[in-house]
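*Asks:* Sequence first, then the predicted structure, then my questions.
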Amino acid sequence: MAQAIRNWEMDQKADLNEPQSKPKYISTFKALSSYMKEHRLTFAAFIGCTLMAITAELMQPYLVKVAIDDNLLAGVNDYRGLLVICGIYFVLSLSSMFFTYLQNNLLQKAGQSIVASIRKRLFAHISKLSMSYFDRVPSGSLITHVSSDTEAISQFFNQVILSLFRDGFTLIFILFLMFQLDAELTWYCLLLLPIIAGITIAFRSYMRRTYQMARTRLSRLVAFTAENLSGMNLIQVFHQQAEQKRQFREKNDSYFRANIREVRTNVLFNRSFEILNNLAIAFVTWLGGQAVLGTTLEFGVLYAFITYIRLFFQPINTITQQWNTLQSATVAINRIWNIFAIQPEIQDSSKPEHLKPSEVKGRVDFNSVTFGYAAGQPVIKDLDLHIRPGEWIGIVGTTGAGKSSLISLLCRFYDVQQGNIELDGHDIRSLAQADLNRIVGLVQQEPYLYSGSVLDNVRMFDETISRESVIQACEFIGADPLIQKMSDGYDTLLSERGSGLSAGERQLISFARIIVFQPKILILDEATANLDSHTEQLIQNALQLVSEGRTTLVIAHRLSTIMDADRILVMSKGRIVEQGTHEHLIERGGVYQELYLHSQGQKQERKEHSHSFSHSK
Ligand SMILES: Nc1ncnc2c1ncn2[C@@H]1O[C@H](COP(=O)(O)OP(=O)(O)OP(=O)(O)O)[C@@H](O)[C@H]1O
């Protein structure tokens, strides 16, 4: 969690410092068009419904014009005709409602399914990327891409596309009807267009700046809050509450001011538009009114004109408001497509070799392997290591010696830069990754448990593995009694990362996974957490059981774990500096003996400490 928050903060800071690149609108539409093609029928139906809804809506003022000019003012006293017009008016408003409903539903359906498939593809693509990508890119920013960036695309459909079609068509229709009614009056009204454009352009850039300022200040406020929450213990220990409160107040006030400015600008823009609208109506009433008095214009036409002028401004206002949404959607799409463009560094060759896990013997050879995370900085240096099938290898060494890097190479999270790694004589780069993953099983220092039941965590959500096999595996390694004690046994739901379980319980569940999946090569990055002696014994027994018949590599932080190993490797600065059995290495009197004596000393100290503690009690 703390890591996630830190990553997220990094992203926020990066966002704040990142220069705002120019959105690429054309490539955005191109990117989406291939998805939109799949839904072309739905989009065609959406456009059809939009046209129907607009026609039904805009015909209403025209009907009133007909009622006024051809009926009320014509002195025909046609009650039946009036009733028919009212009936049609009612049917038109029902149709407008019906087609608007359909139009929204169709667009939502197409838009949401496009967003859902982009999200699905993005998640699948990210999960194929290599570990080096995850080293470079903080997980927080990936979470943002999967959640908020795809949400921005969703808004693109719900708001931008909807407005472009609905409001765009409405404007064209209104203009058409106005020209039909009175071309001269329409030309006079169009004189207002440059003023509308001027106001819109002036406000638009100002509104964008106020919007961005409010967003940036909100990001700062949220990042500051997250940082404080994750480091609350330090703040309290160092009595920094007052200073943090001051900083929070400052950021909060600054966000408040930016928000007020944004709201004010919005209100001012909308009101200016309204004033302009009223001005246009007054203008038309004055011009048209004179024409009506001079009997060159029918009264109904003036009525319809005034109604259309009122309707004319609203779509312009709505379209201009879509600018921000269009910009954020464009930026989001560019970001997502940039991820799609990244190719996994570790990929299967064009003709990968296939190895059946059941036929694997478990021989592993590191041949003159050199590897580094950054160019020119090797962390594994010209390393040779040959492991017999079924051999149990313990790996020890100081922090940063390269132990975890060595096993990351065997799992092919990264590729070696020099030399090669062979499994039963096959270079692991030539093997299908899916096969390698089935052959090499990894139990990490912090076994990762997912939100879900114990059962699903053991079988990794693979429904083809039966409940019975899971129970058998847990019984085999001695985890069954622990699981039975849980509230719902094997169906107990675990929260994210298995919080609520002890480190030992999490280890045992991950051992059960190994039994279920039966990898031929087992790698165990032993947890450093202090376990109580009972759990330690349980884990020790489980380890013995799972390692049986498998080539096993254990990175040990407590030497007691690997004292019985067939061979112990001592690593330092990316090289194996000593190797042999425990007895052999102790006799040799080198680094291992030092580590051993050190660990014995620590044990003794701990014993004495707990002894004196119990006496003092
Ligand atoms: N993902 C990574 N990106 C860059 N450098 C890394 C990465 N992982 C490890 N390193 C560096 O590589 C070196 C070897 O690290 P490694 O984790 O393999 O050591 P280790 O022996 O397993 O250490 P520890 O016992 O502390 O886990 C260290 O200097 C470390 O900082």
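*Replies:* Arrived safely.

*Asks:* mind checking the longest helix of the chain?
*Replies:* helix 241-293 (DSSP state H).

*Asks:* Quick check: next helix or strand after that helix?
*Replies:* helix 299-340 (DSSP states H and E).

*Asks:* average pLDDT for that following helix?
*Replies:* Averaging pLDDT along helix 299-340 gives 85.

*Asks:* Repeat that for stretch 403-421.
*Replies:* For stretch 403-421, the mean per-residue pLDDT is 93.

*Asks:* ok, now stretch 435-453?
*Replies:* So the average pLDDT for stretch 435-453 ends up being 84.

*Asks:* could we number from 8 for the rest of this?
*Replies:* Yes, from this point I'll number from 8; that puts the last item at stretch 442-460.

*Asks:* Could you list the buried residues of that stretch?
*Replies:* 442-450, 454, 456, 460 (16 or more other C-beta atoms under 10 Å). Placement of C-beta: from N, CA and C, glycine included.

*Asks:* if we can go back for a sec, quick one: list the elements packing against the longest helix of the chain.
*Replies:* Counting by 3 or more C-beta pairs under 8 Å, 6 or more residues apart in numbering; DSSP states H and E, the packing neighbours recorded for helix 248-300 are helix 190-197, helix 200-237, helix 306-347.

*Asks:* Dump those to a markdown table, plus mean neighbour count and distance to the ligand.
*Replies:* Output for the helices and strands packed on helix 248-300, formatted as a markdown table (neighbours: other C-beta atoms under 10 Å; distance: least, C-beta to the nearest ligand atom, whole Å):
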| stretch | mean neighbour count | distance to the ligand |
| --- | --- | --- |
| helix 190-197 | 15 | 64 |
| helix 200-237 | 15 | 22 |
| helix 306-347 | 19 | 20 |
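
*Asks:* Out of those helices, which gets nearest to residue 178?
*Replies:* Proximity to residue 178, assessed across the helices and strands packed on helix 248-300 by C-beta to C-beta, is greatest for helix 306-347 (5.2 Å).

*Asks:* tilt between that closest one and helix 248-300?
*Replies:* Interaxial angle of helix 306-347 relative to helix 248-300 (axes from the mean of the first three to the mean of the last three C-alpha atoms, to 10 degrees): 150 degrees.

*Asks:* just how off-centre is helix 306-347 within its chain?
*Replies:* Mean-position distance between helix 306-347 and its chain equals 29 Å (C-alpha atoms, centre = their mean, to the nearest Å).

*Asks:* can you give me the angle it makes with helix 190-197?
*Replies:* 50 degrees.

*Asks:* next SSE after helix 306-347?
*Replies:* Assignment by DSSP H and E places the next element after helix 306-347 at strand 371-378.

*Asks:* what mean pLDDT does that following strand have?
*Replies:* 96.

*Asks:* gap between residue 62 and residue 119?
*Replies:* 27 Å (C-beta to C-beta, to the nearest Å).

*Asks:* Kindly apply the preceding question to residue 180 instead.
*Replies:* Residue 180 is 28 Å from residue 119, by C-beta to C-beta.

*Asks:* So for the two, which sits in the more crowded spot?
*Replies:* residue 180 (19 against 13; other C-beta atoms under 10 Å).

*Asks:* Just confirm that one contacts residue 65, I think it does.
*Replies:* Yes - when contacts are counted by C-beta atoms under 8 Å, residue 180 is listed as touching residue 65 (5.2 Å).

*Asks:* coming back round to it: among the buried residues of stretch 442-460, which lie within helices?
*Replies:* Going by DSSP H, the helices hold 442-446 from the buried residues of stretch 442-460.

*Asks:* possible to save those residues as TSV with distance to residue 599?
*Replies:* Listed next are these as TSV, based on distance: C-beta to C-beta, whole Å:
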residue	distance to residue 599
442	35
443	31
444	33
445	34
446	30
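
*Asks:* How about the contacts made by the residue lying closest to residue 498 once chain neighbours are set aside?
*Replies:* Among residues not flanking residue 498 along the chain, residue 460 sits closest, at 5.0 Å (C-beta to C-beta, 6 or more residues apart in numbering). By C-beta atoms under 8 Å, 6 or more residues apart in numbering, residue 460 lies in contact with 495, 497-501.

*Asks:* Of those residues - the most surrounded one?
*Replies:* residue 501 (21 neighbours).

*Asks:* No further questions, thank you.
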